[in-house]
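Novice: no sequence on hand, only this structure:
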């Protein structure tokens, strides 16, 4: 694409230079001179000149068209190398779902791809569709926008060469929170990408036990530490909702900890919309939360992923993202804090 840009610039530059030279020559050669009162020779048409200004522009346009078409076809019909990464992108109101079928990984709003060290080394081939209305995937630094349509699959590919963060958003009006349907693409080195994939493939039980200091710290230092309202020790995992005495103690518990928060989370409507791998939460309507704390933002980039913002989001999503389809559950402040303590362990 850079080559064709330079080629077009050279052609148009030559046209500009040629026209400028002819214009200057005509102004100087045929300027009015002092004492010259004769009328210039009148020319009423010239077949040669008319053919020149008709044929030459046509030839230039044909050359530009063929060159551009060749590059466009080479991009659209690019051969998919065996080392390519496959990603399925699903647009939702108002967030992004990213599936990695080669690795059995599902995440949301933040896309991780490997950079290429050589041409066509690790390109990312994406299949895009929508779960509801028309959306548009647009990361200006990586590629042009491609629409996501219900009941249709569009395709595009990207091949970043420089590691870093590339920011984009939905480029097609899709509802009240269209402007806050942001997305982030992280171009990782191959080693960083494989490390990220390995972490995303883990279930929470493989990372840390809910309520442990390791699990509670997450990616936010002390922000995720478990706070206990009392010193009573409880089991390391939430009890079943089978009516035993332990379950009732969790329902009425004032303790703010990940294990109590997991029990509250799993006994609310949260699990109808969200998935946490390895738990009873298997909802697909909202983003997958299995490794939620590995993301830098929440609400599709509308807020940083901090303890304070997360608590505000759990309490009332509309205060961060008005028009969000995630409802306020109208839980008690204590329950919101307990759920937040649990979410902070999902790293």
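Specialist: Nice, I can see it. Keep in mind it's a predicted model, so treat the numbers as computed, not measured.

Novice: spit out the contact partners of residue 295.
Specialist: Taking Cβ atoms under 8 Å, 6 or more residues apart in numbering as the criterion, residue 295 is in contact with 107-110, 305. Where C-beta positions appear, they are placed from N, C-alpha and C, glycine not excepted.

Novice: what average pLDDT does stretch 27-34 get?
Specialist: Here stretch 27-34 scores 84 as its mean pLDDT.

Novice: shift numbering so it begins at 448
Specialist: Happy to do that; since the first residue is 448 now, the last one works out to stretch 474-481.

Novice: start to end distance for it?
Specialist: The straight-line separation of the ends of stretch 474-481 (Cα to Cα, to the nearest Å) is 15 Å.

Novice: what about the strands in the chain?
Specialist: Assigned by DSSP state E, the chain shows strands spanning 532-539, 542-547, 552-555, 557-561, 571-577, 582-585, 593-595, 601-605, 611-617, 629-635, 744-745, 750-751.

Novice: the fifth one - contacts with which helices or strands?
Specialist: With contacts defined as 3 or more Cβ pairs under 8 Å, 6 or more residues apart in numbering; DSSP states H and E, strand 571-577 has these neighbours: strand 532-539, strand 593-595, strand 601-605.

Novice: repeat that for the fourth one.
Specialist: For strand 557-561, the contact count by 3+ Cβ pairs under 8 Å, 6+ apart identifies strand 532-539, strand 542-547, strand 629-635, helix 637-647 as packing neighbours.

Novice: one more time with 7 Å
Specialist: Of the remaining helices and strands, those touching strand 557-561 by 3 or more Cβ pairs under 7 Å, 6 or more residues apart in numbering; DSSP states H and E are strand 532-539, strand 629-635, helix 637-647.

Novice: measure residue 630 to residue 613 for me?
Specialist: Relative to residue 613, residue 630 is positioned 9 Å away (criterion: Cβ to Cβ, to the nearest Å).

Novice: least trustworthy helix or strand in the chain by mean pLDDT?
Specialist: Using mean pLDDT, DSSP states H and E, helix 660-664 stands out as the lowest-scoring helix or strand of the chain, at a mean of 39.

Novice: redo the helices and strands packed on strand 557-561 as TSV? Include distance to residue 491 and mean neighbour count.
Specialist: Output for the helices and strands packed on strand 557-561, formatted as TSV (distance: least, Cβ to Cβ, whole Å; neighbours: other Cβ atoms under 10 Å):
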stretch	distance to residue 491	mean neighbour count
strand 532-539	63	20
strand 629-635	63	21
helix 637-647	71	15
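
Novice: ok, the closest residue to residue 717 other than its chain neighbours to residue 492 distance?
Specialist: Nearest residue to residue 717, sequence neighbours excluded (Cβ to Cβ, 6 or more residues apart in numbering): residue 728, at 6.8 Å. Residue 728 sits 82 Å away from residue 492, going by Cβ to Cβ.

Novice: among the two, which residue is more densely surrounded?
Specialist: Neighbour count, other Cβ atoms under 10 Å: between residue 728 and residue 492, residue 728 has more, with 19 against 6.

Novice: now residue 772: closest residue in space, sequence neighbours ignored.
Specialist: residue 540 (5.8 Å).

Novice: can you read off the pLDDT for that neighbour?
Specialist: Note on residue 540: pLDDT of 93.
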